[in-house]
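# Please work out how this folds:
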Amino acid sequence: MPPPPHTKPENVLKRAQELIGVNQQQAALSLLHEHVTSKRTRNNPIASIEPVMLLFVELCVDLRKGKSAKDGLYSYKNTAQNTNVGTIELVLKKFIELAEAKVTDAQSKADAVHAENETQTGTSVANVDDLEATETPESILLSTVSGEQSRDRTDRAIVTPWLKFLWETYRTVLDILKNNARLEVMYQSTAHLAFSFCQKFARKTEFRRLCELLRNHLQNAAKYQQQIHAINLSDPDTLQRHLDTRFQQLNVAAELELWQEAFRSVEDIHTLLNLSKRPAKNVMMANYFEKLSTIFLVSENYLFHAAAYSRYLNLLRLSVAAVAAGQSNKKDNPVVTDADLSKTASFVILSALSIPVISTQRSRGALVDADAARQNKNSRLTSLLGLSTAPSRASLLKEVNTKGLLKRARPEIRELYQILEVDFHPLSICKKISPILAQIGQDPEMGKYVQPLQQVILTRLFQQLSQVYESVELNYVLNLAQFPEPFQVSRSTIEKFIMNGCKKGDLAIRIDHSTGVLSFDSDVFSSAKALHPGSGAGSAGSEAGSVQRLQSTPAEIVRSQLTRLAKALFTTCQYVDPDFNEDQRKARAAALQRAEAGADQEHLAVLERREIIAKKKQSAASALAAKEKEEATRKRIRQQEAQRAEIDRLAEEQRERDARRIKAEQARVQREEVEKQLQELKQGMKGVDLSELDIDELDTGRIRAMKLAALEREKNELGTKLQQAGRKLDHLERAYRREEAKHLEEDYQQQRKRDVEEYDKMRKDTLEESEAKHKSDVALKKRLTRLVPVYEDFRKRVSSERQAEFEKRRKAAAKELEAKKQARVREFKERRAREKREAEEREQHEREEAERREREEAEEAARAEEKAQKLAEDKARREEERKKLDEVAERQRQRELEVEARLEAKRSGLQRGPPVARDAPSESTAPPKIAVKQGGGGWREREAAKRANPEAFAASEAAAAAAPAPAAAAAPAASRGGSGYLPPALRGTAGSGAGPKPDSEGRSFSRGDRPPMESRSDSRDEGRGDSWQRSAPRPRDESERAAPSFSRPAAPERTASGASGDAPAAGPTKGKWVPPHLRNKQ
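Below you'll find the model as predicted:
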């Protein structure tokens, strides 16, 4: 049972050790795996998780659970990589050590089983080609039909499983440590251990996979350098560690003879060297060129093999010079002696001489793109060697001469060079070289060059014979091409060599098998390279100059005929024409003068051109750098976009998976619920047939309906059964009672007799028990009477002791009570004194507050009185202004009425009488004035006056109440604008009759009129200061413009008493709208 996620590591470790103690390793591993991979484990301290991990990897190794170990180690790496890297290295080292120890133990067991037959430990383990596919059909069939235990089968059963686990261990550790700068050292050391494993057990397949794994890790490190803790390949130390690993990989590949992997390792090393900012150590580069030369030799690329050996020798010479001059440390340079230099120089010369003159590759006729492919391959190999141009046989031999390597080489190598490259002896070349070949063949390292040397010797033989003979017998040539017995060349091989040379264009030979003669081509028009040295044909055009020539061929004579004729004519002219030489001399002098005159200008032009070229180079370099930077930016943007798209895709996939999982979980839960309800329905209800129902089509509603139907059916059946049973029981009970009535009297008599007998028996027993109990009580009383005096004495003694104790405690309690009373009295007195002091302070504070409020009220009253006086003055001023405005408005209304009357008379054609002339507003028709109390009419002023002088305020209030209302307020205005303010006391009487309806403020006006602006201004000006300026009266035309467009009957004029007149008004109809273009017409 796995532990809950919150379990502490110490408890998990203890529990696992207990399980191990009872031989339950698998349960302990499951327990540790569940705890290690839990997300809550990351919150625990690393020091408490480390012992758990050590025990976890130990169990994984013992049980060979590589997958579980990988999961746990990944989780532990994610937990500890940001805090403590050392613990990760400790756990991984423990993991590797345990796996290696298991392999060693397995080998010891296998050796103990077959100690008498096998002496070498890893002989049969190497027979397993692939550790990941150890069982083949042949091995399975052989194990079933054969009962003997061979060493191979024993190793497969004992050693191979642990070898496979160790290989998985290395791969797991490398995967965990990849692309992490903090774990880089551990990563490289693990890679070295894996290389040692492959080398020790000759694991070629695993070595290829390991190389590919490391190559992928390096590519990913270069691709994801933006990640946290990523490997920085620009760091020299990191790059040096990678180089050390790749050199170890190259050495192991050479040891295992995996030359293709070795070449890939060389390419990896070259890539890392190009990235490195510091130069590599000479000892490493020496190993690099040595292994590269071996790879080229195995691949039979003798040209680049010789170039690699030449680079190796140059590096040795530079190392010797640097160490001698003290410019470099000895540990950074290979240990070189004179014997080593002599041996290396001999190999350099021998490898250069072994370069075939005639190419053995396919011709251009066989493959059209062979030249381009060869050029690409040569440029690639040239870059691996660090050369600017591709090497050639002539350049290598020239380098041998310029550096004086012949002096350091062995004597037979110098003699070989002399015979092949200097001397001309076609008839004895093979005879002279045969002893040298025999001597070279005895050396196992130099014996590899015998076969290519034979190709070169045959080439030189036929080239020199073509200079001497036109035709020669084939048998004679075969006799000349004789080599020592181990290196003998057959007739077919020589003929094949001749055909290949002719095909490449290096030889111009014809074989006549009928006569057995070799004919050297002497056609003057032949285009073969053998007849035209220096041409581009063939594969050894650059080698023609190295052949000693005795005479020109006919083709060369024909080709140089015009040149020889021109030379003869030129010489003849010098002798025949005496002025020819003078003209030549003068022309030469004039050319010299022109050259001297233009030398400075040409020099300046050259300098200017050089400067222009330098600027162009600089601009081109800047443009190239900008382009590369822009390309890098675009590439980085593309990578970021691709990364974001990948993140979005993964997130979308995760959401889809979560949605599918949730949907499936819901479907599962729903199905389980349906199955559970069906099971309950099947068990609880009888007569329900569920065999034909499909669970996927059911839901809880349908199941509930089925259950309700079954319950209803069961209820009905039960009701029917109960009804039948009740009816049956009723009949049965009625029969019982009829039969029982016959025997009731007899049964009563029997029961009465039994009751009398029982009563007599019970009475007798009771009397006997009472008599016995009385006798025992009397005897007990006699016995206890003797104890009464003792009891009384004891009771008195106890009572006196308790009385004394009571008195003592009472006195102590009274004393304590008195002390507490005194303390309470003191406390009460102190509290009374404190309360009295606080009351006095509070009264003092209240008096001060009252005085302050009185001062503030007096100040407020003074300010209110001053403000009221100011308001009275402002109101008087506004009253005068309102009177003036009323006069102006009245005159304006009269003019408007006159205009309306004339327009109405003109429109109707009837004269209704002259318009009523309106005089200036009289005292009776003017708007009534509001009686304002002196000192301000606002409530604030009244409150201030009341507080200042209550008696005077009461007298003024009584006088104001007794004063009669103005007479003008009792009657409405006779004119259109005569409506004024109506006091609240008169609103009831004024509103009676057919007069105008008062508004919300108590003002009354007829239907067509508008309330005067003065009255509205009065009601607002009482509470505000200068707001009366916003209440100026509107012009009449605006009021008329707001009236409806249809005519209304004129309202009856009202008299001063409020009664309406019978005659129609003389003026125009009130409320009639007048168009603007007719308003000013008379």
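# Specify the local secondary structure of Leu518.
Here Leu518 is recorded as strand under DSSP: H, G, I helix; E, B strand; the rest coil.
# Could you tell me how far it is located from Glu212?
Relative to Glu212, Leu518 is positioned 53 Å away (C-beta to C-beta, to the nearest Å). Any C-beta I mention is one placed from the backbone N, CA and C, and that applies to glycine too.
# between those two, who's got more neighbours?
For Leu518 versus Glu212, neighbours defined as other C-beta atoms under 10 Å are more numerous around Leu518 (22 against 12).
# Isn't the more buried one up against Leu474?
Yes: using C-beta atoms under 8 Å, Leu518 is in contact with Leu474, at 5.6 Å.
# chain center to stretch 494-505: distance?
66 Å (C-alpha atoms, centre = their mean, to the nearest Å).
# Please disregard the earlier target; I meant stretch 771-778.
Put simply, stretch 771-778 sits 104 Å off its chain's centre (C-alpha atoms, centre = their mean).
# I'd like the average pLDDT over stretch 822-839.
What stretch 822-839 shows for mean pLDDT is 93.
# ok now that stretch, how far from the chain's centre?
Using C-alpha atoms, centre = their mean, the offset of stretch 822-839 from its chain centre is 76 Å.
# tell me the strands in this protein, going along the chain?
For the chain, the strands defined by DSSP state E cover 471-473, 509-512, 517-520.
# just so I know, which of the ones you listed lies nearest Phe165?
Ranking these by proximity to Phe165 (C-beta to C-beta) places strand 509-512 first, at 64.8 Å.
# for the closest one, packing partners?
helix 491-504, strand 517-520 (3 or more C-beta pairs under 8 Å, 6 or more residues apart in numbering; DSSP states H and E).
# Which one of the ones you listed lies nearest to Ser196?
That would be helix 491-504 among the helices and strands packed on strand 509-512, by C-beta to C-beta, at 44.5 Å.
# So which bits of the closest one are buried?
494, 497-498, 500-504 (16 or more other C-beta atoms under 10 Å).
# helices or strands next to that helix in the packing?
Right, helix 491-504 is packed against helix 450-468, helix 474-480, strand 509-512 by 3+ C-beta pairs under 8 Å, 6+ apart.
# next one: the second one to chain centre, how far?
If I follow you right, that is helix 474-480. On the basis of C-alpha atoms, centre = their mean, helix 474-480 sits 79 Å off its chain's mean C-alpha point.
# residue boundaries of the helices in the stretch 701-850 of the chain?
Assigned helices in the stretch 701-850 of the chain, in chain order: 744-785, 788-908 (criterion: DSSP state H, counting those that start in this stretch).
# Report the separation between the residue positioned nearest the centre of the chain and Gln640.
By C-alpha atoms, centre = their mean, the chain has its centre lying nearest to Ile647, at 6.7 Å. As judged by C-beta to C-beta, Ile647 and Gln640 stand 10 Å apart.
# Which of the helices of the stretch 701-850 of the chain has the highest mean neighbour count?
Stretch with highest mean neighbour count among those: helix 788-908 (a mean of 12; mean count of other C-beta atoms under 10 Å).
# what's the spacing between that one and its chain's center?
For helix 788-908, the distance to the chain centre is 68 Å (C-alpha atoms, centre = their mean).
# Please apply the same query to stretch 253-262.
A distance of 41 Å separates the centroid of the chain from that of stretch 253-262, by C-alpha atoms, centre = their mean.
# ok so, going back, need the helices and strands packed on strand 509-512 in JSON lines with mean pLDDT and distance to Lys14, can you?
Converted to JSON lines, the helices and strands packed on strand 509-512 look like this (pLDDT from 0 to 100; distance: least, C-beta to C-beta, whole Å):
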{"stretch": "helix 491-504", "mean pLDDT": "83", "distance to Lys14": "80"}
{"stretch": "strand 517-520", "mean pLDDT": "82", "distance to Lys14": "94"}
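# Now render the ones you listed as JSON lines, adding distance to His774.
Converted to JSON lines, those look like this (distance: least, C-beta to C-beta, whole Å):
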{"stretch": "helix 491-504", "distance to His774": "154"}
{"stretch": "strand 517-520", "distance to His774": "169"}
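# and of these, who's closest to Ala823?
Of all those, it is helix 491-504 that lies closest to Ala823, at 134.4 Å by C-beta to C-beta.
# quick check: angle from that closest one to helix 450-468?
Compare the direction of helix 491-504 with that of helix 450-468 by axes from the mean of the first three to the mean of the last three C-alpha atoms, to 10 degrees and you get 70 degrees.
# Just the CA atoms of helix 491-504, as PDB, please.
Only the C-alpha atoms of helix 491-504 are listed here, as PDB (Å, rounded to 0.1, in the frame of the first residue of the first chain):
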ATOM      1  CA  ARG A 491      49.700 -11.300 -65.700                       C
ATOM      2  CA  SER A 492      46.000 -10.500 -65.400                       C
ATOM      3  CA  THR A 493      46.700  -7.800 -62.700                       C
ATOM      4  CA  ILE A 494      49.200  -6.100 -65.000                       C
ATOM      5  CA  GLU A 495      46.900  -6.100 -68.000                       C
ATOM      6  CA  LYS A 496      44.100  -4.800 -65.800                       C
ATOM      7  CA  PHE A 497      46.400  -2.000 -64.600                       C
ATOM      8  CA  ILE A 498      47.300  -1.100 -68.200                       C
ATOM      9  CA  MET A 499      43.600  -0.900 -69.200                       C
ATOM     10  CA  ASN A 500      42.800   1.300 -66.200                       C
ATOM     11  CA  GLY A 501      45.700   3.600 -67.000                       C
ATOM     12  CA  CYS A 502      44.600   3.900 -70.600                       C
ATOM     13  CA  LYS A 503      41.000   4.500 -69.500                       C
ATOM     14  CA  LYS A 504      42.100   7.300 -67.100                       C
END
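# so where's the stretch 51-200 of the chain shaky on pLDDT?
Scanning the stretch 51-200 of the chain for pLDDT under 70 picks out the ranges 114-157.
# all helices of it, in order?
Going by DSSP H, counting those that start in this stretch, the stretch 51-200 of the chain shows helices at 66-80, 85-113, 137-145, 151-177, 184-200.
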